[in-house]
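Colleague: based on what follows, work out the 3D shape:
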Amino acid sequence: MDIHAAGTRPTTRANPDYFTGTVWMDPVIGSKPPARLNALVVSFEPGARTAWHTHPLGQTLYVMSGTGRVCLRGEAPQIIRAGDTVWIPPHEDHWHGAGPDTGMVHMAMQETQDGSAADWGDHVTDAEFHQEPL
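Modeller: Reported below is the predicted structural model:
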């Protein structure tokens, strides 16, 4: 058994290759094989978001606070709020992040396959981000 006491693992700034704006990440779990779960608490400042990406085994988002957006490629963004849970199936190209004027914090849970939990693509443009949500 491993216990990670609160405050013993540092908050890190998200990699700008995969995120736009100010995004902070706190680890929850990076399990060891044969388990595959990887989970992070991700804090997005207003306007911040991920790049387009997919997950080999899908992803679950649980919105902990604030209001944000999630979007599938080719569709309009959808608003997500504290208490919402989002399931994104494997290989579905998507992005998620804060709203234009609101911060958002979510727990992101995904499984690794062959050592990878995500495949990253291009950055979300301002036009894509500001598209009128559903």
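
Colleague: what sits against Y62?
Modeller: Taking CB atoms under 8 Å, 6 or more residues apart in numbering as the criterion, Y62 is in contact with D84, T85, H106, M107, M109. (Each C-beta comes from the backbone N, C-alpha and C, glycine too.)

Colleague: next, name the residue at the spatial heart of this protein.
Modeller: Residue closest to the mean C-alpha point of the chain, counted by CA atoms, centre = their mean, is A108 at 5.3 Å.

Colleague: ok, that one to I29 distance?
Modeller: Using CB to CB, to the nearest Å, A108 is found at 11 Å from I29.

Colleague: check which residues of stretch 60-73 are buried.
Modeller: The neighbour-count check on stretch 60-73 (16 or more other CB atoms under 10 Å) flags T60, L61, Y62, V63, G66, T67, G68, R69, V70, C71 as buried.

Colleague: same check, this time on stretch 35-51
Modeller: Residues 36, 38-44, 46-51 are the ones in stretch 35-51 that count as buried (16+ other CB under 10 Å).

Colleague: now pLDDT, secondary structure and distance to I3 too, for those residues, in CSV please.
Modeller: Formatted as CSV, the buried residues of stretch 35-51 follow (pLDDT from 0 to 100; DSSP: H, G, I helix; E, B strand; the rest coil; distance: CB to CB, whole Å):
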residue, pLDDT, secondary structure, distance to I3
R36, 95, coil, 21
N38, 95, strand, 18
A39, 97, strand, 16
L40, 97, strand, 18
V41, 98, strand, 17
V42, 98, strand, 22
S43, 98, strand, 23
F44, 98, strand, 28
P46, 98, coil, 34
G47, 98, coil, 36
A48, 98, coil, 31
R49, 98, strand, 33
T50, 98, strand, 30
A51, 98, coil, 33
